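Student: sequence-free structure coming up:
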Ligand code: ADP
């Protein structure tokens, strides 16, 4: 109890002063003088401590009693605080150094959109200048509209790939992570090579499909003419030629789907302006189904009239792929139902069948090109293996989500969920 011994020391001094005063004739004056001396002593201690606190780079003052104790404790806390500050600073320096050494660009952006820090790679990829650009709004410096839209939309689940407009035409991928209270961390990667390779692959598939189409049209044309009157052909050739015709038609369908897929991929990033009346589209599809499959029934359940902003032909091909799959993979005496409804802020298209269903293990790969659950069954139904890949790309191009719900032997429901942003 430091303060108790400090008070007892004061009392001893005041009592000694009173005793000396009593000896000299007035104990009160003696006690008062002693108190004054104590006060002066304390004031001097406080003054020295206060002076040290103002400039704590100086060593702590030599003060006595309880003041010495207080100074020792403050000094200890200061040392501890400075050690942890140094440790923290070295961690921050280490992290910044590792960010700075990254080949990917890193930018830290504060809540208001101002740049706080960026590494060398970010400076060269985004043409930023550090430290000159500290505090500048990132959207003022990176002026590509896709980037501003993405940055301001605050929805960073998917990365953005955009082309830079500068002297060097690059494709950059941006991944944004939010941290602290509204600050953001941007990772920027140069994906130009990947985008170019992807473009080359797309062009190659598109060109090959296009080039193969002409000779195939000639072959199917001749086969069609020759088979109009099979009685004129040697009997041994008829079956072989019919098979050739069947395979040629299958190949034509395959090329048609490949070309269509490559067109959808090429235009995926472009804005779509048509207001598509999904209910009317389903009506048109119902007519088509009743003429192609007169024995089958497509039931419609149109619960809303909402239109979506998009491309009519693309949406028609996606929805018809879902409907034809439902018809292909279910028995003739079952019903296929297509519904257009609203659930919360989303609009949804569901295509439901009571067919063979799909084991959940296949779901992740179903939308891959040429992926088939059962090869023999699919070739028997004449599918190209591209239907769901087309659906996936059309969905992505329209900001929609493709959902698959199916149980083996109990039928399937394929759904397209359209966000509020594309409804009109
Ligand atoms: P395909 O031309 O072979 O039908 P898709 O890409 O349209 O190709 O479909 C991929 C595979 O998914 C199909 O081969 C089939 O096995 C399965 N599938 C698609 N839709 C259904 C469905 N409604 N019911 C059962 N299986 C389906």
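Tutor: Structure's in. What do you need? Note that this is a predicted model, so its numbers are computed, not measured.
Student: what sits closest to residue 195 if chain neighbours are left out?
Tutor: On the basis of CB to CB, 6 or more residues apart in numbering, the spatially nearest residue to residue 195 that is not a chain neighbour turns out to be residue 171, at 4.1 Å. (C-beta placed from N, C-alpha, C; glycine too.)
Student: who does that neighbour form a beta bridge with?
Tutor: residue 163 (DSSP bridges).
Student: what's the offset of stretch 181-196 from the middle of its chain?
Tutor: Shown here is stretch 181-196, whose average C-alpha point lies 11 Å from the average C-alpha point of the whole chain (CA atoms, centre = their mean, to the nearest Å).
Student: output the below-cut-off pLDDT ranges for the protein.
Tutor: Counting by pLDDT under 70, the ranges of the chain that qualify are 1, 167, 376-381.
Student: need the residues of it near the ligand, please.
Tutor: The chain has residues 321, 325-326, 329, 353, 355-358, 366, 371-374, 378, 383-389, 412 near the ligand, with proximity defined as CB under 6 Å from any ligand atom.
Student: let me see the contact set for the residue nearest to residue 195.
Tutor: With CB atoms under 8 Å, 6 or more residues apart in numbering as the criterion, the residues that contact residue 171 are 161, 162, 163, 164, 190, 191, 192, 194, 195, 196.
Student: so who does the second one touch?
Tutor: Residue 162 makes contacts with 144, 146, 147, 150, 171, 172, 174, as judged by CB under 8 Å, 6+ apart.
Student: hang on, the earlier thing: please report how far the residue nearest to residue 195 lies from residue 157.
Tutor: From residue 171 across to residue 157, the span is 20 Å (CB to CB, to the nearest Å).
Student: what about the strands in this structure?
Tutor: Taking DSSP state E as the criterion, the chain carries its strands at 105-109, 115-118, 160-163, 171-179, 183-190, 274-277, 298-302, 307-310, 336-343, 346-352, 401-407, 411-418.
Student: re the thing from before, give me the PyMOL select line for the residues of the chain next to the ligand, limited to the buried ones.
Tutor: What follows is the PyMOL syntax selecting those of the residues of the chain next to the ligand that are buried according to 16 or more other CB atoms under 10 Å:
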select buried, resi 321+325+326+329+353+355+356+357+358+366+372+373+378+383+384+385+386+387+388+389+412
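Student: that older thread, now list the buried members of the contacts of residue 171.
Tutor: Applying a neighbour-count criterion of 16+ other CB under 10 Å, the buried members of the contacts of residue 171 are 161, 162, 164, 190, 191, 192, 195.
Student: out of those, the closest to residue 303 would be?
Tutor: When these are compared for distance to residue 303 (CB to CB), residue 161 wins out at 36.6 Å.
Student: report the longest helix in this protein, please.
Tutor: Scanning the chain for the longest helix, with DSSP state H as the assignment, gives helix 65-101.
Student: may I see the buried residues of that one?
Tutor: Going by neighbour count (16+ other CB under 10 Å), the buried part of helix 65-101 is 65, 66, 67, 68, 71, 99.
Student: quick revisit: in JSON lines, list the buried ones among the contacts of residue 171 along with distance to residue 281.
Tutor: Putting the buried ones among the contacts of residue 171 into JSON lines (distance: CB to CB, whole Å) gives the following:
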{"residue": "161", "distance to residue 281": "30"}
{"residue": "162", "distance to residue 281": "31"}
{"residue": "164", "distance to residue 281": "38"}
{"residue": "190", "distance to residue 281": "41"}
{"residue": "191", "distance to residue 281": "35"}
{"residue": "192", "distance to residue 281": "38"}
{"residue": "195", "distance to residue 281": "32"}
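Student: once you drop chain neighbours, what's closest to the residue of the stretch 151-300 of the chain at minimum distance from the ligand?
Tutor: The stretch 151-300 of the chain approaches the ligand most closely through residue 257 (8.3 Å), counting by CB to the nearest ligand atom. Setting aside the residues directly before and after it, residue 257 is nearest to residue 386 in space (CB to CB, 6+ apart), at 4.2 Å.
Student: tell me the contacts of residue 275?
Tutor: Neighbour list for residue 275: 307, 308, 309, 424 [criterion: CB under 8 Å, 6+ apart].
Student: gap between it and residue 424?
Tutor: Using CB to CB, we find residue 275 at a distance of 5 Å from residue 424.
Student: what's the answer for residue 366, then?
Tutor: Using CB to CB, which is the criterion applied here, residue 366 is 30 Å from residue 424.
Student: middle-most residue in this structure, spatially?
Tutor: The chain has residue 157 as the residue nearest its centroid, 1.8 Å off, counting by CA atoms, centre = their mean.
Student: I'd assumed residue 118 was in contact with residue 106.
Tutor: Yes - between residue 106 and residue 118 there is a contact under CB atoms under 8 Å: 6.7 Å.
Student: look at those two and report which has more neighbours.
Tutor: When residue 106 and residue 118 are compared on other CB atoms under 10 Å, the one with more neighbours turns out to be residue 118, at 26 against 19.
Student: picking that back up, make CSV out of the contacts of residue 162 and add distance to residue 232.
Tutor: Supplementary listing: these in CSV, determined by distance: CB to CB, whole Å:
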residue, distance to residue 232
144, 65
146, 62
147, 67
150, 65
171, 59
172, 64
174, 66
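Student: please indicate which of these are buried?
Tutor: So, of the contacts of residue 162, 144, 147, 150, 171, 172, 174 end up buried under the neighbour-count rule (16+ other CB under 10 Å).
Student: got a markdown table for these, with distance to residue 289 too?
Tutor: Formatted as a markdown table, the entries for the buried ones among the contacts of residue 162 read as follows, by distance: CB to CB, whole Å:
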| residue | distance to residue 289 |
| --- | --- |
| 144 | 44 |
| 147 | 44 |
| 150 | 40 |
| 171 | 42 |
| 172 | 45 |
| 174 | 44 |
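Student: so which of the residues you listed is the closest to residue 227?
Tutor: With CB to CB as the yardstick, the closest approach to residue 227 among those comes from residue 171, at 49.9 Å.
Student: quick one: the helices in the stretch 301-424 of the chain, in order.
Tutor: Secondary structure of the stretch 301-424 of the chain (DSSP state H, counting those that start in this stretch): helices located at 312-328, 375-381, 387-397.
Student: now render those helices as CSV, adding distance to residue 266.
Tutor: Below are the helices of the stretch 301-424 of the chain laid out as CSV (distance: least, CB to CB, whole Å):
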stretch, distance to residue 266
helix 312-328, 12
helix 375-381, 27
helix 387-397, 10
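Student: closest to residue 76 out of those helices?
Tutor: With CB to CB as the measure, helix 387-397 is the member of the helices of the stretch 301-424 of the chain nearest residue 76 (61.7 Å).
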